[in-house]
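# below is the sequence, then the predicted model.
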Amino acid sequence: MDALITAEARQALGALSALSPGRKLFGILVGHKRGHRFIVEKAFPAAAFRFAARDFFRIDELFAGGVLGFYASGDLNRIKARLRQPYAAGRLFVSVRTARRAPAFKAFAIDFDGRFRVVPLPLIVEESAP
C-alpha cells in the first residue's frame with residue numbers, strides 16, 4: 001500500500017502552511033483509493049483537531065464518501081494518539097512538517113487489528129506542471 005498526493009493537493013497544503021506560519025495544521029484529505037493506493041486530490045482545513053464520529057460521517061457524506069483521511073502538523077506521537085478512533089481505521093494520515101520553503105510530508109495508514117496501529121507508507125508527491 002502507498003499514497004499519492006496530487007499536485008493540486010500539494011499546492012493546497014503548501015498554501016495552508018504559508019498562510020499560517022508557526023501554527024499547527026489539521027484537516028481532512030479528500031480523494032479516492034485505487035487498488036492499494038490512496039490518491040489525495042484535495043485538502044481542507046478543520047477548525048478542531050478532533051471530530052465527533054457523527055461530524056466525521058457527515059463530512060464524509062458531503063464528499064460522497066471521498067474522505068480518505070487526515071493531515072496534521074505538530075508532535076507526531078500526540079497526533080497518532082488522537083487518531084485512534086473507530087472512524088479513522090482504514091484511513092490515511094499525512095504528517096505535514098512546515099518549513100520556510102515548502103512543507104515536507106510523511107504518510108501513514110491507520111490500521112486496526114484489535115488495537116490501533118499507525119503504519120508508515122511509501123509516499124509519492126506530484127510536482128506542479130511546468
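On my side now, so go ahead. Owing to the predicted nature of the structure, the values given are computational and were not obtained by experimental measurement.
# hmm, who's touching stretch 47-58?
24, 26, 59, 67, 72, 79, 82, 85, 86, 87 (CB atoms under 8 Å, 6 or more residues apart in numbering). In this view, the C-beta of every residue, glycine as well, is placed from N, C-alpha and C.
# now stretch 73-90: buried residues?
For stretch 73-90, the neighbour count (16 or more other CB atoms under 10 Å) marks 73, 74, 79, 80, 83, 85, 87, 88 as buried.
# where does the chain have low pLDDT?
Where the chain drops to pLDDT under 70, the residues are 99-101, 129-130.
# can you give me the helices for it?
7-19, 53-62, 76-82 (DSSP state H).
# for residue 43, which of these is the nearest?
helix 7-19 (4.5 Å; CB to CB).
# and the closest one, C-alpha only, in CSV?
This file holds the C-alpha atoms of helix 7-19, laid out as CSV (Å, rounded to 0.1, in the frame of the first residue of the first chain):
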residue,chain,number,x,y,z
ALA,A,7,0.0,18.5,-7.4
GLU,A,8,-3.3,20.3,-6.6
ALA,A,9,-3.4,18.8,-3.0
ARG,A,10,0.3,19.5,-2.5
GLN,A,11,-0.3,23.1,-3.6
ALA,A,12,-3.2,23.4,-1.1
LEU,A,13,-1.2,22.0,1.7
GLY,A,14,1.7,24.4,0.9
ALA,A,15,-0.7,27.4,0.8
LEU,A,16,-2.1,26.4,4.2
SER,A,17,1.4,26.2,5.6
ALA,A,18,2.4,29.6,4.1
LEU,A,19,-0.8,31.3,5.3
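# having no further points to raise, I will conclude here.
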